[in-house]
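[1] Build the 3D model from these lines:
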Amino acid sequence: MGKVRTIGIGMDYSATSKLALKWAIDNLIEEGDTIIIIHVVSSKVDPTNKQLFEDTGSPLIPLDEFKEINVSKYYGLDPDKEVLDMLDPVSKLKKVTVMSKVYWGDAREKLCEAAQHLKLDTLVVGSRGLGVLKRVLLGSVSNYVVQNATCPVTVVKANPPK
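    Residues are numbered from 1 along each chain as shown. The predicted model follows:
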């Protein structure tokens with residue numbers, strides 16, 4: 001067992017972010033690590049507590065608390081059973097600490113801020129696999145994060161259709 005690490009995983013509950021979580025569990029996470037699931041909620045969502053945490057994001061939320069529906073809703077999130085079902089066993093079997101943190105705003109900027117403020121050893125994000133034109137028009141979150149994060153970033157791509 002090496003150094004205990006803090007691993008961030010960008011989560012928007014899309015298929016690719018769930019794939020990134022699964023990849024991290026299967027290939028990266030070791031006993032004793034800390035996983036921080038980083039949620040970035042659109043600025044359009046306006047939970048009552050957003051003003052309180054807008055600059056720094058929410059406090060770190062332990063997995064047991066985050067599983068409670070009222071806690072997730074408090075931060076403007078709808079909990080995803082599939083994600084919770086992946087996190088629960090890894091926290092127990094690999095003795096991993098799992099926390100969540102919620103930010104509001106632009107995902108590109110907030111993921112990079114999280115990498116710096118949380119002093120992440122690495123960050124894992126999914127890639128939506130935008131085509132060239134859409135990537136130019138919309139900008140790629142994963143590309144921006146790779147270029148600007150203060151830690152190594154792993155981008156997990158969706159499996160190509162067969």
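[2] what about the closest residue in space to Lys22 that isn't next to it in sequence, how many neighbours?
    In this structure, Lys22 finds its nearest non-sequential neighbour in Met86, 6.3 Å apart by CB to CB, 6 or more residues apart in numbering. The way it works is simple: take the backbone N, C-alpha and C, and place the C-beta from them, glycine included. Residues near Met86, counting by other CB atoms under 10 Å, number 17.
[3] Show the subsequent helix or strand relative to the strand or helix carrying Met86.
    According to DSSP states H and E, Met86 maps onto helix 81-93. The helix or strand immediately downstream of helix 81-93 is strand 97-104, counting by DSSP H and E.
[4] Give the other helices and strands that the helix or strand that that next one is followed by contacts.
    Per DSSP H and E, the first helix or strand lying C-terminal to strand 97-104 is helix 107-117. Applying 3 or more CB pairs under 8 Å, 6 or more residues apart in numbering; DSSP states H and E, we find helix 107-117 packed against strand 6-11, strand 34-41, strand 97-104, strand 122-127, helix 141-148.
[5] how far does the fourth one sit from the chain's center?
    On the basis of CA atoms, centre = their mean, to the nearest Å, strand 122-127 is displaced by 8 Å from the centre of the chain it belongs to.
[6] What separation do you get for Glu30 and Arg5?
    Glu30 is 8 Å from Arg5, where distance means CB to CB, to the nearest Å.
[7] Contact partners for Val98?
    Thr34, Ile35, Ile37, Pro62, Leu63, Leu87, Val90, Ser91 (CB atoms under 8 Å, 6 or more residues apart in numbering).
[8] Try it again at 7 Å.
    Residues in contact with Val98 (CB atoms under 7 Å, 6 or more residues apart in numbering) are Ile35, Leu63, Leu87, Ser91.
[9] okay if I get these as TSV plus distance to Asp55 and pLDDT?
    Converted to TSV, the contacts of Val98 look like this (distance: CB to CB, whole Å; pLDDT from 0 to 100):
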residue	distance to Asp55	pLDDT
Ile35	24	97
Leu63	25	93
Leu87	27	95
Ser91	29	94
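[10] By neighbour count, which of these wins?
    Ile35 (26 neighbours).
[11] Report the beta-bridge partner residues of that one.
    Counting by DSSP bridges, Ile35 forms beta bridges with Ile7, Val98.
[12] Could you check how many residues crowd around Lys81?
    So Lys81, with other CB under 10 Å, has 8 neighbours.
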